[in-house]
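Asker: A predicted structure for the sequence below; I have some questions about it.
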Amino acid sequence: MALDLQRYLGLYVSEAGEHLAAFGRELVRLEQASPGAEQKEIVDTLFRHAHSVKGMSASMQLEGIASLAHRLEDLVAPFRADPARLDPAAVDLLLAASDALQGMVQEAATGLSPAADAALAGRLAEAGRRYRDRAAPPSAPSSPPAGAPAGPAPGDPASTATPVAATLAQPAEAPPSRGRALRRVQVEVEIAGSCPVPAVRGFLVVKKLGALGAVAQSKPSVDELRAGRIPGKKLAVLLDTAETLQAIERALAQISDLAGVVLREAEAERAPAPAPAAAGREAAAEGRRTVRVRTEFLDGFLDTVGELILATARIRELGRALPPAARPPLDEGVDRLHAIVKDLHDKVMRVRMTPLSLVTEQLPRAARDVARRLGKQVEVEIRGAEIELDRAILEELSDPVLHVLRNAVDHGIEAPHLRLLAGKPATGTISVSARRERDRVILDVADDGKGMDPERLRAAAVARGALRAEQAAELPDREALLLACLPGVSTAETVTDVSGRGVGLDAVKRTVEGVGGALEIDSAPGRGSRVTFRLPLTVAVQPVLLVRVGEEVLGVPIAKVHGAAQVTLSRLERSQGTPVIPHDGALVPVHDLARLLGFPGAAGDERAIVIADGGDPGRVGLAVDALLGQHEAVLKPLGEPLDHVPGLSAVTVLGNGRPVFILDVPRLLGS
């Protein structure tokens, strides 16, 4: 790759990835769309995505990606006239090509220039010819789709996209006029203020115009654009073409980050340039108010704000040592500083908030792939995708939600003939819905399949040795369903390489709890299942319960705490030698936290008990010396070697500068 293009690589990878991800989503939506205008609009969108990837890749001199994207574009083109002819086989091939392009773009992110898969390119070319032959009468040559740039016939080796630098380095030849007279058109383009590489957009504009005619003049010149110079982010081009102004406008509409485009006949009397449409002005204004920020920068910004919060608490703590008469001015200043820092923290968190669609947009495609493989019919309904969560939580949430969805298709939704026998529609439905409840987001993944049987889960847990028979019999159905989250416990009749209900749910539960959330399962045989994720809005600042054990102060996440009590240890009942305490109608085992951590034991018999979530064993009681109250903790990840210590999940710092470790109770009990 040319050295001067390396600085645009990050932007290219990001935008090409977005186009290809959208391509896959639109394909899945197309299969479920109503025939007519909706399908035609989706196919046109697919064509634009493929065309954009081709043009961007050619601009970056990634010829392998550009050529495969060109084949992809060729296969989409025949369906623009009649979208109804797009059959599942064509969709499968288009999705395979989209996935291959995604992989090539990621390979290009490392600085390589990947070559196209010759076999896949051949399959695309052959399929494109086959579908074009079906669409056109034998005697009539296939005409290019409306709005597509003129060029060699699809399938011709000469049709492979050429790099933009090579295209612009030599004068463009005007295409045949097709009986229409040439005229000179003045094209004035303004690049959006938010575009970080406006010269690349200038390249694309000149390349696009060169495909519609002969570029007589360009200001800035081609050489200046290649050098990255475009003063004022404005470009003026004189074009000799036989195309209409509307055709030129449609062609330029395929290029993103253009704030405004003005076209007029160059020979005509110069009248005041027409103002852009109101929607265009609003979009341009919005673009100028928007910038792209790398997530690593936001993470660093949040860490710095967290340090400010800790520093403010430290100043407040030091102020308590001053004489009472000297404290009011300091307290006033610290209160003001705390309010400013808190406001800054809230603003940073709002910037980090990301719509849930980042996770849900991949689900219809995943369900479609699994259903096709298993011969099932599934529809995915998504509601509440606009609800926002901290990006750090969404990144952790992606795999668990995808796993639950695949389980639902594989072992929840029945085969079509079995659904019909059960009086259900042949097509199963999976609904993914999200809603806000105060400072929590509730995400439900529900299916209308065969459901899960609590009795079979009890039997599976007993057979696995995870529970005794009498313990399993005492479990309510809601807790029995959570037995599916124990390693190796499953009611699936066959374990497939797609998924197995119960296989992997232990990892799902562990991940959800790792971000301060909780997992719930509700199901009934024959009526389907519902898996609920209860998630915090953010993991950067969490409330913790501070406890004292000996001389140490430790924190337990409030989300994992279910209650607390002051007891005399010697008076507690015992079960198999372990003290137990009644809580919510059940007996909860009590563990001495000092003994678990290897600290010196407490001398007294009066202890505080914290009832916390202990993971697979359920709730447990932790005996501590004292409860010190709730604290809003700015959590810091543990570094080497502390991240290998079982039972510790993070660290925070109190106002007096004292570090406090946050406990991971399930890992502590399992160590």
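Answerer: Thanks, I have the structure now.

Asker: and stretch 47-67, how far out from the chain's middle?
Answerer: Mean C-alpha position of stretch 47-67 versus that of the full chain (C-alpha atoms, centre = their mean, to the nearest Å) differs by 24 Å.

Asker: model confidence over that stretch, on average?
Answerer: Averaging pLDDT along stretch 47-67 yields 87.

Asker: Output that stretch as CSV, restricted to C-alpha atoms.
Answerer: Taking C-alpha atoms only, stretch 47-67 is exported to CSV below (Å, rounded to 0.1, in the frame of the first residue of the first chain):
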residue,chain,number,x,y,z
PHE,A,47,-26.0,-2.0,-4.2
ARG,A,48,-24.9,1.3,-2.7
HIS,A,49,-23.1,-0.5,0.1
ALA,A,50,-21.3,-2.8,-2.3
HIS,A,51,-20.4,0.1,-4.6
SER,A,52,-19.1,2.2,-1.7
VAL,A,53,-16.8,-0.7,-0.5
LYS,A,54,-15.5,-1.1,-4.1
GLY,A,55,-14.8,2.6,-4.5
MET,A,56,-13.2,3.0,-1.1
SER,A,57,-11.0,-0.1,-1.6
ALA,A,58,-9.9,1.1,-5.0
SER,A,59,-9.0,4.5,-3.5
MET,A,60,-6.8,2.7,-1.0
GLN,A,61,-5.2,0.6,-3.7
LEU,A,62,-6.6,-2.6,-2.2
GLU,A,63,-7.2,-4.2,-5.5
GLY,A,64,-8.2,-7.7,-4.1
ILE,A,65,-11.0,-6.2,-2.0
ALA,A,66,-12.1,-3.9,-4.8
SER,A,67,-12.3,-6.7,-7.3
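
Asker: So which bits of it are buried?
Answerer: Within stretch 47-67, the residues that count as buried by 16 or more other C-beta atoms under 10 Å are 47-67. (Glycine included, C-beta is placed from N, CA and C.)

Asker: Helix or strand next in line after the strand or helix carrying Val380, which one?
Answerer: Using DSSP states H and E, Val380 sits within strand 378-383. Sequence order places strand 388-390 as the next helix or strand after strand 378-383, per DSSP H and E.

Asker: Parallel or antiparallel, list what pairs with that following strand.
Answerer: Each strand that pairs with strand 388-390, with its direction, by DSSP bridges: strand 353-355 (antiparallel).

Asker: Contacts for the next helix or strand after the partner strand, please.
Answerer: Elements were assigned by DSSP H and E; along the chain past strand 353-355, the next helix or strand is helix 357-360. Contact with helix 357-360 is made by 382, 385-386, 391, 394, 397-398, 401, 432, 434, as judged by C-beta atoms under 8 Å, 6 or more residues apart in numbering.

Asker: with these in mind, which one is nearest to Pro88?
Answerer: Ile382 (21.8 Å; C-beta to C-beta).

Asker: what pLDDT does that closest one get?
Answerer: On the pLDDT scale, Ile382 gets 92.

Asker: doesn't Gln362 make contact with it?
Answerer: No. Ile382 lies out of contact with Gln362 (C-beta atoms under 8 Å); the separation is 10.8 Å.

Asker: Buried subset of the contacts of helix 357-360, written for PyMOL?
Answerer: To isolate in PyMOL the members of these that are buried, counting by 16+ other C-beta under 10 Å, one can use:
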select buried, resi 382+385+391+394+397+401+432+434
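
Asker: Run through the residues that contact Asp240.
Answerer: 174, 182-185, 213-214, 216.

Asker: In JSON lines, list the residues you listed along with distance to Asp335, neighbour count and secondary structure.
Answerer: Listed next are the contacts of Asp240 as JSON lines, based on distance: C-beta to C-beta, whole Å; neighbours: other C-beta atoms under 10 Å; DSSP: H, G, I helix; E, B strand; the rest coil:
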{"residue": "Ala174", "distance to Asp335": "72", "neighbour count": "17", "secondary structure": "coil"}
{"residue": "Leu182", "distance to Asp335": "73", "neighbour count": "14", "secondary structure": "coil"}
{"residue": "Arg183", "distance to Asp335": "70", "neighbour count": "17", "secondary structure": "strand"}
{"residue": "Arg184", "distance to Asp335": "68", "neighbour count": "16", "secondary structure": "strand"}
{"residue": "Val185", "distance to Asp335": "64", "neighbour count": "23", "secondary structure": "strand"}
{"residue": "Gly213", "distance to Asp335": "67", "neighbour count": "24", "secondary structure": "strand"}
{"residue": "Ala214", "distance to Asp335": "69", "neighbour count": "17", "secondary structure": "strand"}
{"residue": "Ala216", "distance to Asp335": "67", "neighbour count": "15", "secondary structure": "strand"}
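
Asker: any idea how this structure splits into domains?
Answerer: 3-138, 164-266+278-288, 295-354, 356-536, 541-670 (automatic domain parsing).

Asker: Sort out which one of the contacts of Asp240 lies nearest Arg458 for me.
Answerer: Nearest to Arg458, judged by C-beta to C-beta, of the contacts of Asp240 is Gly213 at 75.1 Å.

Asker: how about the helices in the stretch 551-671 of the chain?
Answerer: 593-597, 665-670 (DSSP state H, counting those that start in this stretch).

Asker: Same check on the stretch 101-250 of the chain?
Answerer: 118-135, 164-169, 198-212, 222-226, 245-252.

Asker: which one of those is the most hemmed in?
Answerer: Of the helices of the stretch 101-250 of the chain, the one with the most neighbours on average (mean count of other C-beta atoms under 10 Å) is helix 198-212, at a mean of 23.

Asker: Dump that helix to PDB, restricted to CA.
Answerer: Provided in PDB are the C-alpha atoms of helix 198-212 (Å, rounded to 0.1, in the frame of the first residue of the first chain):
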ATOM      1  CA  PRO A 198     -11.400  15.400   3.100                       C
ATOM      2  CA  ALA A 199      -8.800  14.800   0.400                       C
ATOM      3  CA  VAL A 200      -9.900  11.200   0.100                       C
ATOM      4  CA  ARG A 201     -13.500  12.300  -0.400                       C
ATOM      5  CA  GLY A 202     -12.200  14.700  -3.100                       C
ATOM      6  CA  PHE A 203     -10.500  11.800  -4.800                       C
ATOM      7  CA  LEU A 204     -13.700   9.800  -4.800                       C
ATOM      8  CA  VAL A 205     -15.700  12.700  -6.200                       C
ATOM      9  CA  VAL A 206     -13.200  13.300  -9.100                       C
ATOM     10  CA  LYS A 207     -13.100   9.500  -9.800                       C
ATOM     11  CA  LYS A 208     -16.900   9.300  -9.900                       C
ATOM     12  CA  LEU A 209     -17.200  12.300 -12.200                       C
ATOM     13  CA  GLY A 210     -14.500  10.800 -14.400                       C
ATOM     14  CA  ALA A 211     -16.700   7.700 -14.900                       C
ATOM     15  CA  LEU A 212     -19.500  10.000 -16.200                       C
END
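
Asker: Off-centre distance for that helix?
Answerer: Relative to its parent chain, helix 198-212 has a centroid offset of 31 Å by C-alpha atoms, centre = their mean.

Asker: Against which helices or strands is that helix packed?
Answerer: When contacts are defined as 3 or more C-beta pairs under 8 Å, 6 or more residues apart in numbering; DSSP states H and E, helix 198-212 sits against helix 37-59, helix 164-169, strand 183-191, strand 213-219, helix 222-226, strand 234-241, helix 245-252.
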